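Q: Here is my input, please return the structure:
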Amino acid sequence: MRVVILGSGRGSNAEAILQAQQTGQLGRARVVGIFSDKSDAGILELGPRFGVPASFIDPAPFKTKLEGEGQARFIAAVRAAQPDLVVLAGFMRVIKPGFLTEFAGKIINLHPSLLPSFPGLDGIGQAFRRGVKVTGCTVHGVTAEVDGGPILDQASVRVSPGETLETLAAKIHTAEHALLPAVIARLSEGR
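A: This next block holds a predicted model:
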């Protein structure tokens, strides 16, 4: 299974995927490309470290969505990598119909809450401010509805007494780093 990762930030989830690949824990999946909408994103530094092509793609003209010329550039780059799976790992743009149609049924996303609770931006902060006792992370298929696609798997995280937003975020990130590679491995094995 050929995997492409899209990300906008430091790339900790992408790194977890690549480490799982190095240790043989990614099933039949192989990362064949990393793309970012931010030229200075840490995720791009993972490419040389793990021997995977990594590129910045200009997302202009929009700041929060992938549409128009920017979407066309992303579609062309991702299509050239011939992915069986496109993984959104901290990709901070709303995916629009053109991209969804091009890669229909092949796009998954990692979200830092137990969907359907707390979709959209700042899932961890939303859960923390709400005072939930259990939160976590979700891997789901991507559809036109933001964070609304079919849930593939979830990992729960208990909110401890005296928890801070920072300690909760660290616990959720640890859960994400285990969940996302495990889901990719299962998908690569047809499970």
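Q: Where does pLDDT dip in this structure?
A: 191 (pLDDT under 70).
Q: Return the set of buried residues in the longest helix belonging to it.
A: With secondary structure taken from DSSP state H, the chain has its longest helix at helix 165-188. Buried residues in helix 165-188, defined by neighbour count with 16 or more other CB atoms under 10 Å: 168-169, 171-173, 175-177, 179-185, 187-188. Yep, even glycine has a C-beta here, placed from its N, CA and C like the rest.
Q: Ramachandran coordinates for the most centrally placed residue in the chain?
A: By CA atoms, centre = their mean, the chain has its centre lying nearest to Ala89, at 2.0 Å. Dihedral angles of Ala89 (phi, psi; degrees, to the nearest 10) stand at phi -120, psi 80.
Q: I'd like the distance between it and Gln82.
A: In this view, Ala89 and Gln82 are 19 Å apart by CB to CB, to the nearest Å.
Q: Next: Gly148.
A: Gly148 is 28 Å from Gln82, by CB to CB.
Q: Looking at those two, which is more packed in?
A: Gly148 (14 against 10; other CB atoms under 10 Å).
Q: Remind me which helix or strand the more buried one belongs to.
A: Per DSSP states H and E: Gly148 is located in neither a helix nor a strand.
Q: which residues touch the helix or strand encompassing Phe99?
A: Phe99 belongs to helix 97-102 when assigned by DSSP H and E. Here helix 97-102 makes contact (CB atoms under 8 Å, 6 or more residues apart in numbering) with 66-67, 71-72, 74-75, 78-79, 107, 142-144.
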